[in-house]
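Asks: Take this sequence and fold it.
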Amino acid sequence: MQKLEITTERGDKVNINSGELGGVLEFNNEYLKSYKNDIDVITKSIIDKVNEKHSTGYGLNNSTGNNFFAGTNAKNIQLNKNLKDDYTLIATSSAQNTIGDGSIAQEIANIRSTIDAETGRSIDDNYQILVTNVSVDGNKENFISQNQDKIITQLRAQKASYSGVSLDEEMTNLLKYERAYQAAAKVAQAVDEIMKTILQLV
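Replies: From the prediction side, this is the model:
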């Protein structure tokens with residue numbers, strides 16, 4: 001886990017690894033980077049597969065070999081500028097001069113559910129895995145947070161019970177115990193003396 005070190009006005013070095021700020025750092029380092037990487041992997045897969053399929057098709061002006069997307073990840077993915085400027089470049093058919101042929105468009109639509117030969121999963125599968133991981137991680141952190149809240153509540157209750165003790169009352173009880181002990185000691189001493197006297201008489 002990455003730690004943040006700050007310097008106080010007195011020049012003391014303080015490592016932030018707990019509290020609200022520590023929680024933010026932990027989320028960023030332990031979860032957010034992993035989620036971002038997973039999203040980028042899914043996005044790049046979409047870009048590559050759509051471009052591969054789109055570049056084999058033909059647009060209304062019979063052009064071919066055009067990418068549909070530009071970019072490499074979730075941060076910079078965008079529609080190819082040439083297609084934005086000229087919609088006739090958008091390839092929907094598999095052959096020239098075939099107006100109404102939407103076979104390439106259908107193949108592009110099917111990409112999301114197509115199983116990848118290397119991973120054995122589709123884009124939909126990878127997305128569902130990401131959603132599940134986010135949900136599981138969220139539930140885990142929520143469970144930990146609830147347990148910590150319970151511990152804090154118990155500690156506060158214990159602290160309150162200790163701080164709520166009356167010193168005067170405890171001192172009074174202590175004196176009572178001391179007097180009771182002294183009385184018991186005197187009784188024991190008296191019994192001892194009586195036993196000695198009896199033994200002497202015998």
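
Asks: alpha carbons only for contacts and neighbour counts from here, please
Replies: Fine.

Asks: Show me how the record splits this structure into domains.
Replies: When the chain is parsed into structural domains using automatic domain parsing, the resulting residue ranges are 4-155, 166-201.

Asks: Output those domains as TSV; include the columns mean neighbour count and mean pLDDT.
Replies: Converted to TSV, the domains of the chain look like this (neighbours: other Cα atoms under 10 Å; pLDDT from 0 to 100):
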stretch	mean neighbour count	mean pLDDT
domain 4-155	15	85
domain 166-201	11	64
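
Asks: For residue 112, which non-adjacent residue is spatially closest?
Replies: When the adjacent residues along the chain are set aside, residue 112 lies closest to residue 123, with 4.9 Å between them (Cα to Cα, 6 or more residues apart in numbering).

Asks: roughly how far apart are that neighbour and residue 98?
Replies: The span separating residue 123 from residue 98 equals 30 Å under the rule Cα to Cα, to the nearest Å.

Asks: List the contacts of the residue nearest to residue 112.
Replies: For residue 123, the residues meeting the contact criterion (Cα atoms under 8 Å, 6 or more residues apart in numbering) are 42, 45-46, 111-115.

Asks: just these now: which is nearest residue 174?
Replies: Lowest distance from residue 174 to the contacts of residue 123 (Cα to Cα) belongs to residue 42, with 72.2 Å.

Asks: Isn't that closest one up against residue 126?
Replies: Yes: contact between residue 42 and residue 126 holds when scored by Cα atoms under 8 Å: they sit 6.9 Å apart.

Asks: now residue 109: how far from residue 52?
Replies: With the distance defined as Cα to Cα, residue 109 ends up 13 Å from residue 52.

Asks: Pull the residues that contact stretch 93-113.
Replies: 46, 49-50, 53-54, 56-60, 62, 91-92, 122-125.

Asks: Of these, which belong to helices?
Replies: Of the positions in those, 46, 49-50, 53-54, 123-125 sit in helices, assigned by DSSP state H.

Asks: Apart from its neighbours in sequence, what residue is nearest residue 38?
Replies: On the basis of Cα to Cα, 6+ apart, the spatially nearest residue to residue 38 that is not a chain neighbour turns out to be residue 130, at 7.0 Å.

Asks: can you tell me the helix or strand for the one you found?
Replies: Element membership of residue 130 [criterion: DSSP states H and E] is helix 123-163.

Asks: Check residue 179 too.
Replies: Of the helices and strands defined by DSSP H and E, residue 179 is found in helix 167-201.

Asks: Same question for residue 83.
Replies: In this assignment (DSSP H and E), residue 83 forms part of helix 81-85.

Asks: following that helix, which helix or strand shows up next?
Replies: Downstream of helix 81-85, the next assigned helix or strand under DSSP H and E is helix 103-110.

Asks: Just the CA atoms of that following helix, as PDB, please.
Replies: Once non-C-alpha atoms are left out, helix 103-110 reads as follows in PDB (Å, rounded to 0.1, in the frame of the first residue of the first chain):
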ATOM      1  CA  SER A 103     -24.000  -7.600 -42.400                       C
ATOM      2  CA  ILE A 104     -20.900  -5.800 -41.100                       C
ATOM      3  CA  ALA A 105     -23.000  -3.800 -38.700                       C
ATOM      4  CA  GLN A 106     -24.500  -7.000 -37.400                       C
ATOM      5  CA  GLU A 107     -21.100  -8.600 -37.000                       C
ATOM      6  CA  ILE A 108     -19.900  -5.600 -35.000                       C
ATOM      7  CA  ALA A 109     -23.000  -5.900 -32.800                       C
ATOM      8  CA  ASN A 110     -22.200  -9.600 -32.200                       C
END
